[in-house]
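J.: Any chance you can model this:
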Amino acid sequence: MKENVWTKTILSCYRYLERVCSSIDKLVESKALASFYVCSSNFSSSNVINVADKLIELSERKKTLINLKVLTTKVLKKCDRLHAQILIERYIEKDKSDEIALRHNIPIRSYFRKIYSAEKEFSSILTKLGFSDGKLSEFLANEKWIIEVYSRYSSFSREECFSINDYFLKKIALS
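T.: As a prediction, this is how the structure comes out:
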């Protein structure tokens with residue numbers, strides 16, 4: 001199995017978590033307002049149950065995404081300071097590798113060793129906190145957009161993993 005796939009996935013998706021949560025809030029609001037019209041002639045217990053189920057499903061999704069954001073922040077705080085900074089710059093801020101290396105005054109080859117080491121550390125901390133590959137797969141199973149990013153990283157070589165672009169992430173996060 002390829003190393004650090006969940007690390008790359010979680011960090012790449014992190015910047016979209018708030019936006020997806022906001023979209024969920026808007027969906028909940030529109031579903032709740034639409035449920036107002038489930039009355040009198042439109043009323044049936046299945047309509048009410050369907051609306052309630054959809055609201056619960058959306059609330060659970062939002063809770064999962066908030067928990068993922070909290071988990072990511074917690075893991076980054078436990079990482080070595082330079083490792084955390086490099087991970088943030090690379091995956092969350094989407095800075096280019098050569099810019100990050102220059103900013104931290106490290107040779108590009110050292111940068112790639114550091115990013116690999118940082119990814120390993122992040123992954124190790126996730127596991128220590130009880131979030132193994134299997135647990136993360138289970139925890140995020142209903143977030144199809146995150147699973148799609150995971151699948152993309154899984155199918156790439158190590159070098160190609162650096163090339164998942166922002167357009168792809170925006171497209172699947174907001175679909």
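J.: Gln85: what's it in contact with?
T.: Contacts for Gln85 (CB atoms under 8 Å, 6 or more residues apart in numbering) come out as His104. For the C-beta atoms, the positions are set from N, CA and C on the backbone; glycine is no exception.
J.: State the helix or strand in which it lies.
T.: Per DSSP states H and E: Gln85 is located in helix 81-87.
J.: Against Thr72, how distant is Ala84?
T.: Note on Ala84: its distance to Thr72, by CB to CB, to the nearest Å, is 11 Å.
J.: Those two: which has the busier surroundings?
T.: Thr72 (20 against 17; other CB atoms under 10 Å).
J.: ok so, going back, contacts made by the following helix or strand past the helix holding Gln85 with the rest, please.
T.: The helix or strand immediately downstream of helix 81-87 is helix 97-103, counting by DSSP H and E. With CB under 8 Å, 6+ apart as the test, helix 97-103 has contacts from Ile86, Glu89, Arg90, Asp95, Pro107, Ile108, Ser110, Tyr111, Phe112, Ile115, Phe162.
J.: What subset of these is buried?
T.: By neighbour count, with 16 or more other CB atoms under 10 Å, these hold Ile86, Glu89, Arg90, Tyr111, Phe112, Ile115 as buried.
J.: Let me have those residues in JSON lines, adding distance to Ser23 as columns.
T.: Shown next, in JSON lines, are the buried ones among the contacts of helix 97-103 (distance: CB to CB, whole Å):
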{"residue": "Ile86", "distance to Ser23": "30"}
{"residue": "Glu89", "distance to Ser23": "26"}
{"residue": "Arg90", "distance to Ser23": "26"}
{"residue": "Tyr111", "distance to Ser23": "35"}
{"residue": "Phe112", "distance to Ser23": "35"}
{"residue": "Ile115", "distance to Ser23": "31"}
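J.: Could you work out the most separated pair of these?
T.: Greatest spatial distance among those (CB to CB): Glu89 and Phe112, at 13.8 Å.
J.: which other helices and strands contact the lengthiest helix in the chain?
T.: Ranked by residue count and defined by DSSP state H, the top helix of the chain is helix 45-78. The contact analysis (3 or more CB pairs under 8 Å, 6 or more residues apart in numbering; DSSP states H and E) places helix 45-78 against helix 5-14, helix 17-35, helix 81-87, helix 108-128, helix 133-139.
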